[in-house]
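> Fold the following.
(one chain, ligands or ions: 2)
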Amino acid sequence: MSDCLFCRIIASEIPASIVYETDLVLAFRDINPVAPVHVLVIPKQHYTDIVELADADQALAAAVMGAIAEVARLEGVAETGFRASFNTGAGGGQTVFHAHAHVMGGRRLSLSLG
Ligand code: 5GP
Ligand code: ZN
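Ligands and ions are numbered 1, 2, ... in the order given. So this is what the prediction gives:
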């Protein structure tokens, strides 16, 4: 998907601060962090959102989950606590339509969903 921002990051056409990478997934810092730790975890295969991803490829969905855990460990928030969220669809606050998890931590997060 040449017009997809995150596919362009995967293709190294747009720079990103990469935190973790496997053959299946990529994790990089959000350009507009809302917490001291704010990393996006994405599958390298393009899926619009987590519903499409889970329906199409459960192994890849599991790889995203594993990468969330690994990023939390690498960023030092696995013990202190963090939030992983998948904004899904415009009504869910999604603005980039390539499935991604936000991994946020490093400060006390409120219950507010915004
Ligand atoms: P969404 O609103 O779709 O759940 O999240 C998209 C996220 O992508 C936002 O938090 C936004 O700050 C981040 N983002 C948008 N453009 C870029 C970019 O060019 N580079 C990086 N690293 N993050 C981006
Ligand atoms: Zn994409």
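> Which residue ranges of the chain form strands?
Under the criterion DSSP state E, the chain carries strands at the ranges 18-21, 25-29, 37-43, 82-85, 101-105.
> Any chance you could list what contacts the longest one?
Same thing as strand 37-43. Taking Cβ atoms under 8 Å, 6 or more residues apart in numbering as the criterion, the residues outside strand 37-43 that touch it are 6, 10, 19-20, 24-30, 53, 57, 60-61, 63-64, 67-68, 71, 75-77, 82, 84, 98-106. C-beta coordinates here come from the backbone N, C-alpha and C atoms, glycine included.
> Repeat that for the second one.
If you take Cβ under 8 Å, 6+ apart as the criterion, strand 25-29 is touched by 9-10, 16-21, 38-44, 60, 63-64, 67, 70-71, 103.
> That one pairs with which strands, parallel or anti?
Here strand 25-29 has these sheet partners by DSSP bridges: strand 18-21 (antiparallel), strand 37-43 (antiparallel).
> quick one: it to chain centroid distance?
Averaged C-alpha coordinates place strand 25-29 at 7 Å from its chain's average position (Cα atoms, centre = their mean, to the nearest Å).
> Could you see whether ligand 1 lies near it?
Yes. With Cβ under 6 Å from any ligand atom as the threshold, strand 25-29 lies in contact with ligand 1, specifically through Phe28, Arg29.
> in that strand, what counts as buried?
For strand 25-29, a neighbour-count test (16 or more other Cβ atoms under 10 Å) marks Val25, Leu26, Ala27, Phe28 as buried.
> hmm, it touching ligand 2?
No. For strand 25-29 and ligand 2, the contact criterion (Cβ under 5 Å from the ion) is not met; the two come no nearer than 10.8 Å.
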